[in-house]
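Undergrad: Pasting a predicted model and its sequence here:
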Amino acid sequence: MTKFSANLGFLWTGLSLPEAIRAAHGAGFEAVECHFPFDVPAGEVKSALEATGLPMLGLNTVRGNVEEGEFGLAAVPGAETRARAAIDQAVDYAAAIGARNVHVMAGRHGKHEVFVENLTYAADRAAPLGIGLLIEPINQRDVPDYFLSNVEQAAEIIGELGKSNIAIMFDFYHVQIMQGDLLKRLEAHLPRVGHIQIASVPHRNEPDRGEVDFAWLMAALDDLGYQGYVGAEYVPADTTEAGLGWLSAFTATS
């Protein structure tokens, strides 16, 4: 049976992060994940997680200077010092709240060798703390010139690094836009997949609409024996609560 996680970077954004964790629990999610929690004291987040019993699956490294168009730093030439500071910040915060993973954001106009060097640093920094790293192919329609944009590229980087605590964040939304062939591509790379996310295509709303049959895909995940969570990382078409009918429907049929 598929286990769903609420991505609080997009859901319940009108609430504080601790309040959003409690709202996700009340709605029936079995885990949470977030984007950039660093302005919230770690103790408050940890307390909300402990009160609800929900695991925090992951958080992101910072994007950098958003006004200048930065969308991650780890692959960007010349940003190595800032990239490693962002990795330190994310790993330390993850350790403080008990988060399982850190998504290391590659950034725009990146270079392979820079990304590999910074991921090596991140993996060595996170491993003693029991924290995993995720790298996510992101579509270039939403984020033009994003360095990491297809699943095979991510798999090759992980294979080159040979670090046991780095895996792919397989977001069906991004993969459908860039590559398609979702189930076969997932099957091919499942041993290197650390987390899965969903949102409708093309508008990134609730997963019960659009061009991808997510109810069918969730059943296929069960058939593949996927044991992880599926993150609901979508932009609600209305309020978060108004769009949650998919959750009970998908849970009932998976």
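TA: Sure thing, it's come through.

Undergrad: Let's verify the nearest residue to residue 164 once chain neighbours are set aside: helix, strand, or coil?
TA: Counting by CB to CB, 6 or more residues apart in numbering, residue 127 is the residue found nearest to residue 164 once chain neighbours are left out, at 7.9 Å. To be clear about C-beta, it is placed using only N, CA and C from the backbone, and glycine gets the same treatment. Taking DSSP: H, G, I helix; E, B strand; the rest coil as the rule, one finds residue 127 in the helix state.

Undergrad: could you give me the average pLDDT of the longest helix seen in the chain?
TA: The longest helix of the chain (DSSP state H) is helix 80-97. The average pLDDT within helix 80-97 is 98.

Undergrad: Just give me how far stretch 16-35 sits from the chain centre.
TA: Centre-to-centre, stretch 16-35 and its host chain are 15 Å apart (CA atoms, centre = their mean, to the nearest Å).

Undergrad: Need the residues that contact the longest helix of the chain.
TA: If you take CB atoms under 8 Å, 6 or more residues apart in numbering as the criterion, helix 80-97 is touched by 37-38, 42-43, 45-46, 49, 56, 58-62, 64, 73-74, 76, 99-102, 104, 114, 117-118, 121-122, 125-126, 129, 131.

Undergrad: These in strands, which ones?
TA: Among those, the residues falling in strands (DSSP state E) are 58, 59, 60, 101, 102.

Undergrad: Make a ChimeraX selection of the buried ones in the residues you listed.
TA: Buried residues among the ones in strands among the contacts of helix 80-97 (16 or more other CB atoms under 10 Å), as a ChimeraX selection:
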select :58,59,60,101,102
